[in-house]
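Student: the sequence isn't on hand, but the structure is:
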Ligand SMILES: *Cc1c(COP(=O)(O)O)cnc(C)c1O
């Protein structure tokens, strides 16, 4: 027996006694996470297998192929990153930005600012173009900014979750080729809910997440990189300044070499595989239409309650709606009551829109007329309650 005499006594100060875990059931209608599909949850709830097991390797191929379908791309380098959407976001910048590279970022909401922060940390010479929160850039705005700054990379958020606006991408890729610049698209709140044609739009790098339009738990995030971006990666003078997200190392695992890099989040891969299987079964066109129809039902219902949307209909996202908080209503009190009395989570405003809007996500499995009705009924009741208080 090992002597315990030489060791200090174990300190039990932090040894709390817990009951087995219980988790409240919520209807998640905020900016994310959304509820995961029960089929996806069932898929996750199995024993892990090894990340080099032939069954796992086959699953990786399935995930890669279905991600290409979901994004409408043929990029070889298409795989999920072990981390949330921000990790996949960071992966795009880490791989193509070298210190001193000029990076132009379109800022029209919170996530544009996050791109600025990340690009700065990789030593980019960051330039920004701005639109008010809730609006989008025109092709003329983009051409003028490319001509002024001559960047190596342009990053734009397709679906700005802080504002509910959809940035049109048609023609942006052509402009970027004209100015010899790479194009990064944030498709975190659009993938699986809003039309995306990555190759047609000539997008060079894109990223997304699992917990919004794909109805999967958070923690595994789609990433893709096209041939022009791979070329820039191969021309690098300096190593990618992030070992975990280095696409050159990761592709040795995701490609045919199958070289160990890090232990894959095996159960999350099961989840994503099933989420993508369900998406492919439904089909992209049908899925996009479902999201658009559900959103329009919601917008009509809001109008019936006398509530307004922050974004013009033309650029409104079907996946995320910013609802204007009526004069004299305490926005946070409404969020609190929705959660405590109706088990419904919606989001509050971020940054410039804090206190001014609620953010309602109708994504993936939650894009359904039943959920809209549940929310509208509860929202109407709660707003009256808060007004009367
Ligand atoms: C949610 C979101 C992110 C970040 O994703 P996480 O999964 O929260 O890390 C990035 N960009 C946009 C537009 C988002 O909505």
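Tutor: Noted; the coordinates are in hand. This one's a predicted model, so the numbers in the text were calculated from it and none came from an experiment. Numbers count the residues shown, from 1 in each chain.
Student: closest residue of this protein to the ligand?
Tutor: Nearest to the ligand in the chain, going by CB to the nearest ligand atom, is residue 85, at a distance of 2.6 Å. The C-beta positions use only the backbone N, C-alpha and C, and glycine is treated the same way.
Student: burial count for that residue?
Tutor: Neighbour count for residue 85, taken as other CB atoms under 10 Å: 27.
Student: ramachandran angles for it?
Tutor: Residue 85 adopts backbone torsions of phi -50, psi -30, taken as degrees, to the nearest 10.
Student: my read: it touches residue 187, true?
Tutor: No. With contact defined as CB atoms under 8 Å, residue 85 does not reach residue 187; the gap is 9.5 Å.
Student: between the two, what contacts are shared?
Tutor: 207, 208 (CB atoms under 8 Å, 6 or more residues apart in numbering).
Student: that older thread, now the residue of the chain closest to the ligand. Nearest residue, chain neighbours left out?
Tutor: Excluding the flanking residues, the one nearest residue 85 by CB to CB, 6 or more residues apart in numbering is residue 209, at 3.2 Å.
Student: contacts only, for the residue of the chain closest to the ligand.
Tutor: If you count contacts by CB under 8 Å, 6+ apart, residue 85 has them with 188, 207, 208, 209, 211, 212, 221.
Student: looking at the residues you listed, spot the one nearest residue 257.
Tutor: Nearest to residue 257 among these is residue 221, at 22.3 Å by CB to CB.
Student: and the pLDDT for the closest one?
Tutor: We note a pLDDT of 98 for residue 221 in this prediction.
Student: elements contacting the host helix or strand of it?
Tutor: Element membership for residue 221 (DSSP states H and E) is strand 220-225. Using 3 or more CB pairs under 8 Å, 6 or more residues apart in numbering; DSSP states H and E, the elements in contact with strand 220-225 are helix 54-71, strand 77-82, helix 85-96, strand 205-207, helix 266-282.
Student: report all helices and strands that the first one contacts.
Tutor: Okay, so that is helix 54-71. Contacts defined by 3+ CB pairs under 8 Å, 6+ apart place helix 54-71 against strand 77-82, strand 220-225, helix 266-282.
Student: most packed of those?
Tutor: The highest mean neighbour count among those, using mean count of other CB atoms under 10 Å, belongs to strand 220-225: a mean of 28.
Student: orientation of the following helix or strand past it relative to strand 77-82 in degrees?
Tutor: Heading C-terminal from strand 220-225, the first helix or strand you meet, by DSSP H and E, is helix 227-234. With axes from the mean of the first three to the mean of the last three CA atoms, to 10 degrees defining the directions, helix 227-234 sits at 70 degrees from strand 77-82.
Student: coming back round to it: quick one: the strand holding residue 221 to helix 85-96, angle?
Tutor: Following the same axes, to 10 degrees, one obtains 20 degrees for the angle between strand 220-225 and helix 85-96.
Student: do strand 220-225 and the ligand meet at all?
Tutor: No. Counting by CB under 6 Å from any ligand atom, the ligand has no neighbours in strand 220-225; the shortest distance is 6.5 Å.
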